[in-house]
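Chemist: Below are the sequence and a predicted model for it; my questions follow.
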Amino acid sequence: MNQYYHYQPNYSQYGHLRNQTLRNLNNSQALFTAQEGFTRGNMFSDIYSQYKNYQPQPVKANNEQEQLFLNMAENEFAAHDLNIYLDLHPQDGNALDLFNQYRVKANQAMMEYESKYGPLTTNSNELTESPFLWSTQAFPWTTGGM
């Protein structure tokens, strides 16, 4: 294989972080909640590094629609961050269980959101009237709809 297409990163310099995370994942203190992880952009409390004096501000929902969307986003983030961890540590059963819990919660939140407020994506199960109905719905991040 051509050396330019075959890149193997050297993770040895980060081994202490990886091993610390592995040791602590069984400890419930090693992970932030989905809400805290979403706010900080990292589920792993033992490797979270705050940027200078920045104080993360939690996202606040103003109504039920925004709360459902936020709940979905937080759980999707947690599942995604754990998925990245599991790419490197597929044998970690505790992480896999947490990943599946967050994935199920995110899917449930998406189904509830879409049943009340319409589809979020073009492949939604809520696209029954028109395949382009999603483009006419108001989203939580818009103020007056589309």
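Modeler: Received it, and whenever you're ready, just let me know what you need.
Chemist: separation between residue 61 and residue 53?
Modeler: Separation of residue 61 from residue 53 (C-beta to C-beta, to the nearest Å) stands at 27 Å. Any C-beta I mention is one placed from the backbone N, CA and C, and that applies to glycine too.
Chemist: With neighbour numbers in mind, choose between those two.
Modeler: Between residue 61 and residue 53, counting by other C-beta atoms under 10 Å, residue 61 is the more crowded of the two (13 against 5).
Chemist: where does that one fall, phi/psi-wise?
Modeler: The phi and psi values for residue 61, taken as degrees, to the nearest 10, are phi -90, psi 140.
Chemist: can you pull out the helices in the protein?
Modeler: 15-24, 34-40, 64-88, 93-117 (DSSP state H).
Chemist: Kindly state which of the ones you listed is positioned closest to residue 123.
Modeler: Among those, the nearest to residue 123 by C-beta to C-beta is helix 93-117 (11.2 Å).
Chemist: now the angle from the closest one to helix 64-88?
Modeler: 150 degrees (axes from the mean of the first three to the mean of the last three C-alpha atoms, to 10 degrees).
Chemist: Which other helices and strands does helix 93-117 contact?
Modeler: Judged by 3 or more C-beta pairs under 8 Å, 6 or more residues apart in numbering; DSSP states H and E, the packing partners of helix 93-117 are helix 64-88.
Chemist: tell me what the helix it packs on is packed against?
Modeler: Using 3+ C-beta pairs under 8 Å, 6+ apart, helix 64-88 is in contact with helix 34-40, helix 93-117.
Chemist: most packed of those helices?
Modeler: helix 34-40 (a mean of 19; mean count of other C-beta atoms under 10 Å).
Chemist: So for it, mean pLDDT?
Modeler: Mean pLDDT, helix 34-40: 92.
Chemist: And for it, what's in contact with it?
Modeler: 31-32, 43, 45, 48, 56-59, 73-75, 77-78, 81, 102, 105 (C-beta atoms under 8 Å, 6 or more residues apart in numbering).
Chemist: Run through the residues that contact the nearest residue to residue 72 once chain neighbours are set aside.
Modeler: Leaving aside its sequence neighbours, residue 72 sits nearest to residue 109 (C-beta to C-beta, 6 or more residues apart in numbering; 3.7 Å). Taking C-beta under 8 Å, 6+ apart, we find residue 109 in contact with 68, 71-72, 75.
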